[in-house]
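> prediction below, plus the sequence it came from.
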Amino acid sequence: MAGPDKLWIDLGGRPVLARTIAAIAALPALAELVVVGSPETLRRAAELVGDPPWSRVDHWVSGGATRQDSVYCGLEALGSHPIILIHDGARPLVRRATLERGVAAAEAHGAALAAIPVTDTVKVVDQDDRVRSTLDRAALRAAQTPQVFAGPLLRQAYERVGAARAGCTDDAAVVELAGLPVYTFPGERDNLKVSTRADLALVKALWAARVEEEGE
């Protein structure tokens, strides 16, 4: 999304990133919170660290060249924990129930990601845009975050995959590439990632509706 950094766009009086941090920080069993960001994000956050929810962050870490390099930087800063939860800073509407489902799924299976059923019909096309096949959407899921892992398993996967992690688009893919099983748990359709202006408008509307219904 062109324009201002999406993490710092106002959402109900606070930046998107603050809403996301507050949602994660509300987990009762949370032991340590690491935020990986760009130099600009770290610079702006440094001015706010004394105030909640910023004060709940234990480590601010500069990211790498790719998303997965950034996650690896976060893992390096994080202590040894039985469960590691990874969430996009640009998904501020995540619910506590979703986070808790993720922790439970990781405890049961070792690796799990939030996912929702695909409702559109998905076509496979070639370089000429000719349709080659139609996928069975009953077997398809759209991946979200949180993605939650047993700590030793995730670290093992990143070490095993090495530099090949650069080709992975999420953490579950790193674990898959390492040859380890990954499971899904139910996500939420309103757990949107702010990537476009249309996403932002919808997230703002959903946030306003949630505040009206539940209170902030």
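Cool, got the structure.
> where is the longest strand in the chain?
The single longest strand within the chain, with elements called by DSSP state E, is strand 141-150.
> so where's this protein shaky on pLDDT?
For the chain, the stretches flagged by pLDDT under 70 are 1-4, 215-216.
> which residue ranges form the strands in it?
For the chain, strands defined by DSSP E occupy the ranges 10-11, 14-15, 34-37, 59-62, 83-86, 111-117, 123-125, 131-134, 141-150, 183-186.
> tell me which of the ones you listed lies nearest to Leu27.
Nearest of the strands of the chain to Leu27, taken as CB to CB: strand 83-86 at 7.9 Å. (C-beta placed from N, C-alpha, C; glycine too.)
> buried sites along stretch 14-32?
For stretch 14-32, burial by neighbour count (16 or more other CB atoms under 10 Å) applies to 15-24.
> my bad, stretch 90-109
Buried residues in stretch 90-109, counted by 16+ other CB under 10 Å: 90-94, 98-103, 105-106, 109.
> ditto for stretch 155-175
Buried residues in stretch 155-175, counted by 16+ other CB under 10 Å: 155, 157-158, 161, 165, 168, 170-175.
> list the contacts of that stretch.
Outside stretch 155-175, the residues that touch it by CB atoms under 8 Å, 6 or more residues apart in numbering are 65-69, 71-72, 75, 86, 111, 113, 143, 145, 147, 149, 153-154, 177-180, 182.
> could you do stretch 44-60 as well?
Stretch 44-60 has contacts (CB under 8 Å, 6+ apart) with 8, 17-18, 21-22, 25, 32-35, 37, 42, 77-78.
> about what we covered before: using JSON lines, please lay out the buried residues of stretch 155-175 together with distance to Val61.
Below are the buried residues of stretch 155-175 laid out as JSON lines (distance: CB to CB, whole Å):
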{"residue": "Arg155", "distance to Val61": "16"}
{"residue": "Ala157", "distance to Val61": "19"}
{"residue": "Tyr158", "distance to Val61": "15"}
{"residue": "Val161", "distance to Val61": "20"}
{"residue": "Arg165", "distance to Val61": "17"}
{"residue": "Cys168", "distance to Val61": "19"}
{"residue": "Asp170", "distance to Val61": "19"}
{"residue": "Asp171", "distance to Val61": "16"}
{"residue": "Ala172", "distance to Val61": "21"}
{"residue": "Ala173", "distance to Val61": "21"}
{"residue": "Val174", "distance to Val61": "18"}
{"residue": "Val175", "distance to Val61": "21"}
